[in-house]
Every structure is written in C-alpha cells, then in structure tokens.
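>>> sequence below, structure please.
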Amino acid sequence: MSDSQPREVEHEITVSAPASEVYRLIADVENWPRIFPPTIYVDHVERSGDEELIRIWATANGEAKNWTSRRHLDPEAMRITFRQQVSTPPVATMGGTWIIEALSETESRVRLQHDYTAVGDDPAGLAWIEEAVDRNSRSELAALRTNVELATASGELTFSFEDTVEIAGAAKDVYDFINEAGLWSERLPHVATVRLSEESPGLQTLEMDTRAKDGSVHTTKSYRVCLEGERIAYKQTTLPALMNLHTGLWTFRETDAGTLATSQHTVVIRAENIGRILGPEADVAQAKEYVRSALSTNSRATLGHAKDYAEARR
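Numbering: from 1, shown residues only. This is a model prediction of the structure:
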C-alpha cells in the first residue's frame, strides 16, 4: 500500500428530481447496473444497519475489473461514504463520498468525491486511475441524471420478466452449460459464432452472432459475472435499437426433483425508436411484447438445451 497522500477529485451534476429520490437510487446498489454504464453487477457480502460490504464488477477504461467496498449510509444527511476493501491494481487505495443536496423540491445537486493512491506511487498507474475516475464519474453522473429523471417522469419503459424450467439433473451441470458459453455455437442452433474471453476467474466477455426468427444475424456483446455455480449475471453492452438497457441473471436452485433454472431479464425500452422499428402506430406495450418475445425465445431455447445436457449426465 502507498504511504503518500491520496489524490482527491470531485465531480458534480444537477438533477431535475427530488433529493430523496436521488439518494434512494444511489443507496440501492442492486439497481446500479441499470443506472450506471460502467457497472456490470453488484453483490451484497454483508449488511448490518447502515453499514454494508459489497462486491462490484465494472469496466474501467474498457477493461473489466472487480473490487469490494464498504459503505456507510446516512439517509438523514443524504451522504454515502465508501472505501474499497480489496482494490485491483494499479489501484492501491480508493474511497470517496456521494453527497446529495436539495436545490429545490424538484432539483438536486449530486457531488461525487474520490480519493486514491496507486500501487508503488507509479506515475503511469496514477495517470490510469485519474483517467478511469474522471471517465467513470462523468459517465455515472450523466447516467444518474438521465435515469433518475426518466424514473421520476415515467416508469412504463422499464420492465422485468423471467423464464423458469424444471430440470431432472444436477444444478452444477446446468450451471456448467451456461458458464461454458464458448461452446454455444456447437450446442445452440440459434448461435452462429461465439467469442469468449475470461479476463479473470468468473469475469467473462462474451460476443455472439445469433440468428433471429426471420433468419437475420445480430451481434451482441455482454460482460458476465459467474458466481461459484450459483448464478451468472450479465450486462449487454451492444444493444438492439429498441433497447436502452438489458441486464440479465441466470440462477440455478436445487430441488428434491432436480434443478429449477431461471433466466431473468430487465429491459429499458428506447421509446424514440419504436415507430422506426415497429411502425408509426406501435406503442410502448407493443415494443415490450416484441422485445420480451425475442429475449424469451432465446432464453427458453438455451434452457431447453441445458436441460437436455444436464439430464443426459444424470
């Protein structure tokens, strides 16, 4: 760890939403993949009163990283302090504070403070961190403003759904099938090609060319977090025209009869593209149904082949 004085930096933005709503959204880390572009997944390790320990997977300067942070929540002062417990090089230490200030009943100022040091005080490491903090802070604050204002104005564009399949096989085998996405072009008829890399154990970058019902091929890119045979979370970063956001979660629960495997999706519709894609008379409800049908078709196909794979190995 570095013995030098931490570097300090602050970013701020004004949001057209009540301060209490802004605080609530930042405090609820489960929503971070939906509101902050760099965040892939957040997992609670510990919770006790106003203290919590969380694991965060996110991209920084185009690289996927993960770390753990301890947070203290102060809803009355509308401040959230955080300190990384286990940082990823070149970061030696990292911490900071979210400060939400009410400017009026409908407008707030959000200040995001950081302090950090680099491993060995390496100048290149400090420059890398400075760029990552600046880029991510600006991106996070801009996304926060967009999503808070969108959530305040209307929640009709965001929806979640899931598909569940009962499998007479071991949860480990089902998990392995989903985890081994590099083999999907051999195992799944709707997948044409796959490019899978694993930057560190359990943290994957997945690019796929998939075939739609009409025979067209679409390229998608996702970051995936694979957690010890229990669940696989992902965030799609290359999005079709009808989606502003797509996150998902595969879960595997053992039962007396075998395994319940579930594919969960959360989507935000890109309203301005509905008419161009589905026709001038189409509305949000039709866009949701179109997207749900497409995602559910692929999820159910994948779960069906995972079922065949696991049951054959029982």
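
>>> can you list the residues that contact the lowest-mean-pLDDT helix or strand in the chain?
Lowest mean confidence among the helices and strands of the chain (mean pLDDT, DSSP states H and E): helix 32-35, at a mean of 84. Applying Cβ atoms under 8 Å, 6 or more residues apart in numbering, the set of residues contacting helix 32-35 from outside is 25, 39-42, 56, 143-144, 147-148, 158, 233, 235, 245, 247, 266, 268. Quick note: C-beta positions are derived from backbone N, CA and C, even for glycine.

>>> just the ones of these in strands?
Among these, the ones falling in strands (DSSP state E) are 39-42, 56, 158, 233, 235, 245, 247, 266, 268.

>>> right, and the pair among those residues with maximum separation?
I56 and T158 (21.7 Å; Cβ to Cβ).

>>> flag the shaky bits of the chain, pLDDT-wise.
Per-residue confidence for the chain (pLDDT under 70) gives these ranges: 1-3, 152-154.

>>> domains for it, by residue range?
Domain ranges of the chain: 7-153, 158-312, per automatic domain parsing.

>>> mean neighbour count for those - can I get that in JSON lines?
Listed next are the domains of the chain as JSON lines, based on neighbours: other Cβ atoms under 10 Å:
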{"stretch": "domain 7-153", "mean neighbour count": "17"}
{"stretch": "domain 158-312", "mean neighbour count": "17"}
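
>>> ok, E140 - contacts?
E140 is in contact with 36-38, 112, counting by Cβ under 8 Å, 6+ apart.

>>> among the residues you listed, which two are most distant?
Most distant of the contacts of E140, by Cβ to Cβ, are P37 and L112, 14.5 Å apart.

>>> what is the longest helix of this structure by residue count?
In the chain, taking DSSP state H as the definition, the longest helix is helix 123-153.

>>> chain center to that helix, what's the gap?
Here helix 123-153 shows a centroid-to-chain-centroid distance of 15 Å under the convention Cα atoms, centre = their mean, to the nearest Å.

>>> partner residues bridging Q236?
Note on Q236: beta-bridge partners by DSSP bridges are S222.

>>> switch to numbering from 46
Renumbered: residue one is now 46, and that last one reads Q281.

>>> so what's the residue nearest to N318 when sequence neighbours are not counted up against?
Nearest residue to N318, sequence neighbours excluded (Cβ to Cβ, 6 or more residues apart in numbering): A286, at 4.7 Å. For A286, the contacting residues are 315, 318, 321-322, by Cβ under 8 Å, 6+ apart.

>>> kindly reformat those as JSON lines containing secondary structure and distance to A355.
Listed next are those as JSON lines, based on DSSP: H, G, I helix; E, B strand; the rest coil; distance: Cβ to Cβ, whole Å:
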{"residue": "R315", "secondary structure": "coil", "distance to A355": "36"}
{"residue": "N318", "secondary structure": "helix", "distance to A355": "38"}
{"residue": "R321", "secondary structure": "helix", "distance to A355": "41"}
{"residue": "I322", "secondary structure": "helix", "distance to A355": "36"}
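
>>> show me which pair in those is furthest apart.
R315 and R321 (9.9 Å).

>>> picking that back up, please identify which of the contacts of E185 is nearest to S49.
Distance to S49 across those (Cβ to Cβ) is lowest for L157, with 22.5 Å.

>>> and that closest one, how close does it get to D179?
Going from L157 to D179 by Cβ to Cβ, to the nearest Å gives 11 Å.

>>> and for those two, which residues touch both?
Common neighbours of L157 and D179, using Cβ under 8 Å, 6+ apart, are H56.

>>> nearest residue to E53 in space, please, no chain neighbours.
Closest residue to E53 apart from its sequence neighbours, by Cβ to Cβ, 6+ apart: D160 at 4.8 Å.
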